[in-house]
Each structure stands twice: as structure tokens, then as C-alpha cells.
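show me the folded form of this:
(chains A and B)
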Protein chains: 2
Amino acid sequence: MPLGEKSLIAEIRRLSDRRRGAVKSAVRLGIGDDCAVLDVGFGKQCLVTTDFSLEDVHFRREWHSPDCVGHRCLARGLSDIAAMGGTPIAAFLSLALPGDLPQSWVRNFIRGLTRLAEKFGVTLAGGDTAQSPDKILADIIVVGQVPKGKAILRSGARLGDRIFVTGTLGGSAAAVLQMQKANGQKLKGAYPRHFYPEPRVNVGLALRTKNVATAMIDTSDGLSTDLAHICEESGVGADLSAANIPRARVGSPAGEVDLNLALHGGEDYELLFTARANEKVPSNITGVPVTEIGQIVRRTGMRIRGADGKVRSLKPQGWEHFK
Amino acid sequence: MPLGEKSLIAEIRRLSDRRRGAVKSAVRLGIGDDCAVLDVGFGKQCLVTTDFSLEDVHFRREWHSPDCVGHRCLARGLSDIAAMGGTPIAAFLSLALPGDLPQSWVRNFIRGLTRLAEKFGVTLAGGDTAQSPDKILADIIVVGQVPKGKAILRSGARLGDRIFVTGTLGGSAAAVLQMQKANGQKLKGAYPRHFYPEPRVNVGLALRTKNVATAMIDTSDGLSTDLAHICEESGVGADLSAANIPRARVGSPAGEVDLNLALHGGEDYELLFTARANEKVPSNITGVPVTEIGQIVRRTGMRIRGADGKVRSLKPQGWEHFK
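Presented below is the predicted three-dimensional model:
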């Protein structure tokens, strides 16, 4: 059954109405007018982020269930809010769908998205719909808030700061490699965080309210690329220790991923942050492990000390999704 | 030359940096971090709208110059802010481009967009980029503000209110028909407002600050569809007079468009609003003509009195762009 724009809006509306009753929301007016109207708290600033989820670029229909695509779509935006130390408020979804897409796909996509939204108290407050020629195109916009002047920027890292990362790295890229090798065969339970990444919103909030982080970014493009962003925006360099990079354990029996995957693989949605040398940084924040991986240096560029004790230059290698 | 993501971001950054110096902006932090950070004024609410501009759905590369596509892309969002009586602050652009698109196309697209942004004091504050398989996909997000509780909603129309529209209707749809007939041949100067619609931001602001409008929407989908939205959200009906519908003059020599185009043609981006029966509504607001076209009635549904004096039912006929 071809998907009508009306039925999609009705579906989103039904799901958001259910939520609206449940929790007091900052969304004064959602779907059904020219704009959404949001309350931003007194003394707060507004955070805005937008992220595409494009079929065959960010996901594949044969690998990712609609529920998982919806979850990942919103997770990308929430992770950006987390990386500023912000509180997410509302999400907006622009969705272009092929005419022959089964309605069940859309329903499950919206379910995956709204389930994650509910978990973080986010209202799906609007968006746009269109018909696309052949592929599924989603653009998620997340609006959040942060006390004025308190957002944790990429530009705050200083000489001597230590570098930390939450969780483990390389697991999502390893899961993609596994699927590529399996040539489309379903690999259930392979690495759940690839399919249902949990944005580190609570860790970001804790780091901001306790004034721990001096600079922060989420690892969506891979450690080497994201750390390069911090270095560039802060005008500093970084030294890492390969032995300290927390690598994801993937597969059955589970083994640590390759160092290269941990350094360059994207879509882990962990938080990468810096803290002053004398700052006490817990090894676990809101249940998420935190690992020290290196330090900020004056000389620009990034270097890594390998297991052999040799120091090598580390270049950012942008994560190319499924290309 | 294939377009790199980096060069696009650099181009946007260059253009927004130029602007940032020129005008004091509410954008505290734009491109170059995980989120943009916006100041929302004291006692203000945040408005958010998102609109797709998809190749072969909303524009055609052979009909619309890149400059014009960029202009129309932002105009769609600004028009939504106008329809709430809001002030636009910032825009976010998600852009997916085919790998073989000439860099000049992108440069001119961004120019068209930023020129309109500058005109309305809007900063291009972020977005996302991706490679698309074959077609150009843009999603524009515009954030604005409005004094708390003062946004003009679709739901405010009451029995006895009179119905008004700015400018003229049907011109944009007539321009599309002309281009379809000309089969891709350039028709320069045919109907400039189709190619460079001017969002009615100043009219919307005037209607809100002077408490004139009780309900408002922009005519992006066509009068019949947009008026139906006001009726539905307000729980009322509407009677129109065909003789009073201001029809665009298109062609050379210029002639008035067909009534059907004025009733159902989309993308005119005029403002459709209601005002109390005793409200004095000027026939010209900030240089834009305003025409009374009917009134709000208790009975649901819409009717129109024709030139022959007969009253007929008026059904919403959604505008389908180029399909």
C-alpha cells in the first residue's frame, strides 16, 4: 500500500499525542501548524543539530530493521546534544519515502525513533514529508538547551589537559565489516550497540554540571577524525597511547577489535573529552566506563605511541559509512 | 570537479563568517561544533520549521538556476516563520549532493540562499552534508522567535471572522504550467515570484504586533488546502467569493490566471489570515496588497460563490509540485 503523507503525519501525531499527555514538555505546539513553538528555559541557550540518515549511505534496508533505522536516526542527533552537555527537548523529522515502501516499514521506523525519544523526554514536534524517487531519506533535527555560556565546545582544550573517552571504540565499524563479509545475511546479536547506540546524554550532562570537561565531541566520524576536530578548534595537538584505547569486543566468541578500527571506525557515538591535568575524572560516569587515552600537547598534529613503544604520527581518517 | 564535503562546509563558513561580522546575531556559535548555540530573547519562545527541497519534486535542474533553488529553499522556511508572526534568527541546511555535481552549482546555490538570509538578518548556522546517489536533496531548518504566547496559530479563527490574503494567487502554478508547455525551454522573466518568492516576514510581524490576525497560514499548498487547514484546526467553515480572489497576472501580454489555479495552485508563499469582523485591516501592509476574500462560518467545510452567483462546495486540492 503506497504511503500517503496524511497517514504518516497521523501516525507521528498519534505517537506524539500519547507522549504529550505523559510528561510535561517544553513543546507548546507541535505538529499541525506552520512551526513548532518551544519554551526555552530562563537563562538558557538553544542548541540545534541536524543529521541525515540516507539509505545506502548511513544504513542499508537489508541490514537494518526499520525500528533500528529510526533509533539510529534520532541517536545521531541526541549524541550531538550530549556532546555539548545539553538537555534535548524536541526532535523534528524530515522524511522522504519511495511510493512503494510498505506502510509497516514506516510504522516501525517511527516506533524505533519515538521509543528512544520517550526515553530521553524528547517530543517529536514536527517535520516534513515528501515522496522520494527510490530511496529512503531522513533528516533529523534535535533542539536542546543548556545554561547560558555553559555549552562544552570543541575549542576548550588546553596544553596539559588529559584526553578521555567513554565506552569502547571500533565496535560499530567491526559490525559493518561482519555484515559486509556475511553478504547481507542477518547476524543477530552481533554487536547491539551498532544497531541501537545509546547516546551518552547523561554522561554529557554530568560532565557539564560538574565542570569536568574542557572540550567535548562525540565519536561519530571515528576517534582520529573527531580528536582532530578538537585539536583544530582548540589550536593544540594530542598524544595518544595505543595500549590505553578501549577497544570494543565483537563477535562470538568475542574478541577485541583491531586497533585501526578503534582509531578510525565511526558511529560509536561515545563522548571524547578533555579535562584539566589536576581534575579528578571518575572511571565510571552514570554507569558508563571512562578511559584516559592521552594528553593535549602544544605541538599541533596527533601522535600515537604503539605497543612497541614507537611514536607515530596519527592522521584523521574520515569514516565513510558504507562506501 | 567532484564536490568534497570539506569544500562545501568551507564555502558556507566563509559566507556566514562574512555575515557574522556585519550584524549582531543571536547565533553564539555556528558551524564548527556538534550543535549551534542560539540566544532566544527574554520572554520569547522558539519557532522551528523544516522543509525539504528535493530535485524533481520541488525543483528541476533544467528549469531552476542553482541561485533560484537556494533562494526558494530558504524562502519556504522563512514563509513558515512569517505565518506565525515570528522573527527568523537562524537557518540550518542539510544538503545531499551527487558526486558529479559541478562545484559552481553548489556555490551559486549557497549564494542564492545566503543572499536571502542576509536580507532577513538570518545566519546560516549549521547543517549536514552527504553524498547522494543521483539527485540533489536539501532540507532547510529555520529557527525564529516570538514573544511568549503571541504566535499566530492556525487554530484561532472564530465565527464571523473575515478572511484575507496578501499579494496574488496562482502565479507560481501558472509559471510551472508555462514551463511544462515550453518543454524545458527557458522562459526568462515569465513570473519572477515563482523563481524568487519574497517571504512575507514583515507582513506577518505587522499583523502580530498590531494584533490584527486571529489565525494565519502561508499559501504553500494552495488556497483551498491551506484554508482547509485553518478551518480544521479552528473547527469552523469558510465562505469565499470567487470575484474577490486576487489572481496573479502572468505571461506576455500579462493576463489573469485561471480561477482554478488561484484556488488550488501552490507555492505562492502569500499569507492567508483571518481577522475579527470589526477589525480595521489596511488594504496594504508594509507595501504588500491585502485582499478580503470571504468569511468564517459555523458550518464546517468550504464554499465558494461563483461569478454566476451560484454557491458551490470547495474541496481542498493538494498541490503536487511537478508530479
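
just how off-centre is stretch A:37-48 within its chain?
How far stretch A:37-48 lies from its chain's middle: 21 Å, per C-alpha atoms, centre = their mean, to the nearest Å.

what's the answer for stretch A:223-234, then?
Distance, stretch centre to chain centre, for stretch A:223-234: 16 Å (C-alpha atoms, centre = their mean).

how about that stretch, does it reach chain B?
Yes. Applying C-beta under 8 Å from any C-beta of the partner chain, one finds that stretch A:223-234 is in contact with chain B at residue A:233. For glycine as for every other residue, the C-beta is placed from the backbone atoms N, C-alpha and C.

report the buried residues of that stretch.
A:223, A:224, A:225, A:226, A:227, A:228, A:229, A:230, A:231, A:233, A:234 (16 or more other C-beta atoms under 10 Å in any protein chain shown).

how about the backbone phi and psi for residue A:91?
phi -120, psi 150 (degrees, to the nearest 10).

and it, how far is that from chain B?
10 Å (C-beta to the nearest C-beta, to the nearest Å).

tally of neighbours for that residue?
Residues contacting residue A:91 under the criterion other C-beta atoms under 10 Å in any protein chain shown number 28.

next one: residue A:298
10.

per-residue pLDDT of it, please?
For residue A:298, the pLDDT comes out at 96.

cool, residue A:134 as well?
For residue A:134, the pLDDT comes out at 85.

please name the bridge partners of the closest residue to it other than its chain neighbours.
With C-beta to C-beta, 6 or more residues apart in numbering or on different chains as the criterion, residue A:134 has its nearest non-adjacent residue at 5.4 Å, and that residue is residue A:98. On the basis of DSSP bridges, residue A:98 is bridged to residue A:132.

which residues sit in contact with residue A:98?
For residue A:98, the contacting residues are A:131, A:132, A:133, A:134, A:135, A:136, by C-beta atoms under 8 Å, 6 or more residues apart in numbering or on different chains.

residue ranges with poor pLDDT in the stretch 101-250 of chain A?
A:184-189 (pLDDT under 70).

quick revisit: ok, of the contacts of residue A:98, which come out buried?
Taking 16+ other C-beta under 10 Å as the criterion, what is buried in those is A:131, A:132, A:135, A:136.

spatially nearest residue to the last one (excluding sequence neighbours)?
I take that to be residue A:136. residue A:55 (4.3 Å).

so that neighbour is in contact with residue A:135, correct?
Yes. Counting by C-beta atoms under 8 Å, residue A:55 does reach residue A:135; the two are 4.1 Å apart.

how about the residues of the stretch 101-250 of chain A by chain B?
The stretch 101-250 of chain A comes close to chain B at residues A:125-128, A:130-133, A:135, A:137, A:139, A:141, A:143-144, A:146, A:148, A:151, A:153-155, A:216-218, A:233, as judged by C-beta under 8 Å from any C-beta.

so of these, which ones are in strands?
A:125-128, A:130-132, A:137, A:139, A:141, A:143-144, A:146, A:216-218 (DSSP state E).

quick check: residue A:263 vs chain B, distance?
20 Å.

who's in contact with the helix or strand hosting that residue?
Assessed by DSSP states H and E, residue A:263 sits inside helix A:259-264. Defining contact as C-beta under 8 Å, 6+ apart, one finds that helix A:259-264 is touched by A:168-170, A:173-174, A:177, A:222-225, A:242, A:245-248, A:304, A:314, A:317, A:319.

what about it, distance to the chain center?
With C-alpha atoms, centre = their mean, you get 18 Å for helix A:259-264.

hmm, the following helix or strand past that helix in reach of chain B?
Of the helices and strands lying after helix A:259-264 in sequence (DSSP H and E), the nearest is strand A:271-275. No. On the criterion C-beta under 8 Å from any C-beta, strand A:271-275 is out of touch with chain B, staying 10.1 Å away.

what is strand A:271-275 packed up against?
Secondary-structure packing of strand A:271-275 (3 or more C-beta pairs under 8 Å, 6 or more residues apart in numbering or on different chains; DSSP states H and E): strand A:162-166, helix A:201-209, strand A:215-218, helix A:223-234.

any idea which of those gets closest to residue B:48?
helix A:201-209 (19.6 Å; C-beta to C-beta).

what does the closest one rub up against?
Contacts of helix A:201-209 (C-beta under 8 Å, 6+ apart): A:78, A:81-88, A:120, A:146, A:150-152, A:166, A:212-213, A:216, A:271, A:273, A:285-286, A:288, A:290.

verify the contact between residue A:237 and residue A:294 for me.
No. Using C-beta under 8 Å, residue A:237 is not in contact with residue A:294, being 10.3 Å away.

quick one, which of these two is more surrounded?
residue A:294 (24 against 19).

burial count for the closest residue to residue A:146 other than its chain neighbours?
Closest residue to residue A:146 apart from its sequence neighbours, by C-beta to C-beta, 6+ apart: residue A:86 at 4.2 Å. Using other C-beta under 10 Å, residue A:86 is surrounded by 31 other residues.

then residue A:41?
15.

in which helix or strand does it reside?
In the assignment (DSSP H and E), residue A:41 maps to no helix and no strand.

would you list the phi and psi of residue A:159?
Per degrees, to the nearest 10, the backbone of residue A:159 is at phi -50, psi 130.

could you find the closest non-adjacent residue to it?
Among residues not flanking residue A:159 along the chain, residue A:298 sits closest, at 5.2 Å (C-beta to C-beta, 6+ apart).

let me see the contact set for the one you found.
Neighbours of residue A:298 in contact, by C-beta under 8 Å, 6+ apart: A:159, A:236, A:237.

go with 10 Å
Counting by C-beta atoms under 10 Å, 6 or more residues apart in numbering or on different chains, residue A:298 touches A:158, A:159, A:160, A:235, A:236, A:237.

let me know the closest of those to chain B.
Nearest to chain B among these is residue A:235, at 12.8 Å by C-beta to the nearest C-beta.

quick check on the contacts of helix A:201-209: which are buried?
Buried among the contacts of helix A:201-209 by 16+ other C-beta under 10 Å: A:78, A:81-88, A:120, A:146, A:150-152, A:166, A:212-213, A:216, A:271, A:273, A:285, A:290.

flag every buried residue along the helix or strand in which residue A:290 is found.
Residue A:290 is part of strand A:288-297, with elements assigned from DSSP H and E. Neighbour counts over strand A:288-297 (16+ other C-beta under 10 Å) mark A:290, A:291, A:293, A:294, A:295, A:296, A:297 as buried.

give me every residue that touches residue A:38.
Contacts of residue A:38 (C-beta under 10 Å, 6+ apart): A:25-30, A:46, A:89-90, A:123, A:125, A:143, A:145, B:40, B:45-48, B:143, B:145.

which ones among these lie within strands?
Short answer: the contacts of residue A:38 in strands (DSSP E) are A:27-29, A:46, A:89-90, A:123, A:125, A:143, A:145, B:45-48, B:143, B:145.

for residue A:39, list the residues it contacts.
Counting by C-beta under 10 Å, 6+ apart, residue A:39 touches A:25, A:26, A:27, A:28, A:89, A:145, B:40, B:44, B:45, B:46, B:148.

likewise for residue A:153?
So residue A:153 contacts A:83-85, A:213-217, A:230, A:233-234, B:29, B:32-35, B:37 (C-beta under 10 Å, 6+ apart).

okay, and the common contacts of residue A:237 and residue A:294?
A:227, A:302, A:303.

and the last one, what element?
So that's residue A:303. Residue-wise, residue A:303 maps onto strand A:301-305 under DSSP H and E.

show me the contact partners of that strand.
Strand A:301-305 has contacts (C-beta under 10 Å, 6+ apart) with A:223-224, A:227-228, A:230-231, A:236-245, A:259, A:263, A:293-294, A:297, A:310-316.

ok, 8 Å please
Strand A:301-305 is contacted by residues A:224, A:227-228, A:231, A:237-243, A:263, A:294, A:311-316 when judged by C-beta under 8 Å, 6+ apart.

also stretch A:43-51?
A:38, A:40, A:73, A:76-77, A:80-81, A:84, A:86, A:139-149, A:151, B:28, B:34-40, B:46, B:90, B:92, B:94, B:125-128, B:139, B:141, B:143.
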